[in-house]
Every structure is written in C-alpha cells, then in structure tokens.
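S.K.: fold the stuff below for me.
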Amino acid sequence: MAHKVIFNLPKRELGREDIEFVIEQDGKRFGTLLVSKGAIEWRPTNKVYRRKLNWTRFDQLMRESGRPV
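M.R.: Coordinates of the predicted model:
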C-alpha cells in the first residue's frame, strides 16, 4: 500500500497561494494536503468534509500523536 505524492509549488514566496500535495494510493487519488502560511488542511477524496489545523494545533497534535523518528 505505497502512496504516491505529487505536488505543485508556487514560483514565489508562499503568500495567498497554498502549496498543494496530491496523494495517491494504488494509482487512485487518496486526498489532497494543502499547506498555507496560517494552516494545514486535509481534503480526502470523495468526502464532503475537510480537516483544517492551524500550525500551533498541528504542532501539538504531532508532539502528542506523532511517532519519533
């Protein structure tokens, strides 16, 4: 179950335009990760909801739930 990650980067300093990572699993779109100056957002494919965290909350979540590497 390897994931393929495709991304598009703006050609300037991150401003209003998000950095977009398209994640594929088994050749099909799994979801999209959007990174902005103020937050990180996960958009699962074929779902009606999105998940958004500001950077402070993301840091807290990773410290509590992330696996040390």
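S.K.: wait, doesn't F21 sit right on G31?
M.R.: No: using CB atoms under 8 Å, F21 is not in contact with G31; the gap is 9.1 Å. Placement of C-beta: from N, CA and C, glycine included.
S.K.: low-confidence ranges in the protein?
M.R.: Low-confidence segments of the chain, defined by pLDDT under 70: 1, 10.
S.K.: just checking the distance from stretch 41-54 to the centre of its chain.
M.R.: Offset of stretch 41-54 from its chain centre (CA atoms, centre = their mean, to the nearest Å): 9 Å.
S.K.: now the end-to-end length of that stretch.
M.R.: Distance across stretch 41-54, first residue to last, is 9 Å (CA to CA, to the nearest Å).
S.K.: so Q60 is in which element?
M.R.: Using DSSP states H and E, Q60 sits within helix 55-65.
S.K.: run through the bridge partners of N54.
M.R.: A39 (DSSP bridges).
S.K.: and if you look at K28?
M.R.: Here K28, judged by DSSP bridges, has bridge partners Q25.
S.K.: quick check: it vs H3, distance?
M.R.: Separation of K28 from H3 (CB to CB, to the nearest Å): 11 Å.
S.K.: now swap in G66 and tell me
M.R.: According to CB to CB, G66 stands 17 Å off from H3.
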